[in-house]
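>>> Need a 3D model of the following:
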Amino acid sequence: MSRGARRPPARQGRPPATGGTVRPQRHPPLAGPALGEAEPAANGLTAADVAEVWRIPRGTVYWLANKHRWRRYKLGRQVYYHAADILASLD
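Numbering: from 1, shown residues only. Below is the predicted model of the structure:
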């Protein structure tokens with residue numbers, strides 16, 4: 001090495017990336033049906049359901065859900081709102 005050139009400091013911590021494929025981490029679900037059991041049936045309403053039944057835009061459904069703090073739960077990627085909360089706000 002020449003006098004003016006400096007070597008970068010050694011990296012501490014994680015080893016350098018190798019350029020291989022990165023596998024997504026898979027974590028077990030926190031809660032859900034036990035092995036062999038069927039998933040529970042959804043008995044709430046989706047935003048699309050509420051919009052169709054009450055003939056209001058879907059964006060208004062999300063606004064109402066936020067304003068009135070509707071309880072919600074997810075099954076997979078689908079969000080369901082509790083029917084009692086919807087009825088209390090819209091009836």
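
>>> Would you mind checking the average pLDDT for stretch 55-73?
Average pLDDT, stretch 55-73: 95.

>>> Mind listing what's buried along that stretch?
61-62, 64-65, 70 (16 or more other C-beta atoms under 10 Å). Every residue, glycine included, has its C-beta placed from N, CA and C.

>>> again with stretch 77-91
For stretch 77-91, burial by neighbour count (16+ other C-beta under 10 Å) applies to 80-81, 85-86.

>>> Just the terminal-to-terminal distance for that stretch.
28 Å (C-alpha to C-alpha, to the nearest Å).

>>> what's the neighbour count on residue 75?
Residue 75 sits with 13 neighbouring residues when counted by other C-beta atoms under 10 Å.

>>> Residue 44 too?
Residue 44, neighbours per other C-beta under 10 Å, totals 20.

>>> list the contacts for it?
72-73, 80-83 (C-beta atoms under 8 Å, 6 or more residues apart in numbering).

>>> who's in contact with residue 82?
With C-beta under 8 Å, 6+ apart, residue 82 has these contacts: 44, 70-73.

>>> sorry, back to before: take the buried residues of stretch 55-73 and write them to TSV, including secondary structure and distance to residue 6.
Supplementary listing: the buried residues of stretch 55-73 in TSV, determined by DSSP: H, G, I helix; E, B strand; the rest coil; distance: C-beta to C-beta, whole Å:
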residue	secondary structure	distance to residue 6
61	helix	61
62	helix	56
64	helix	62
65	helix	59
70	coil	61
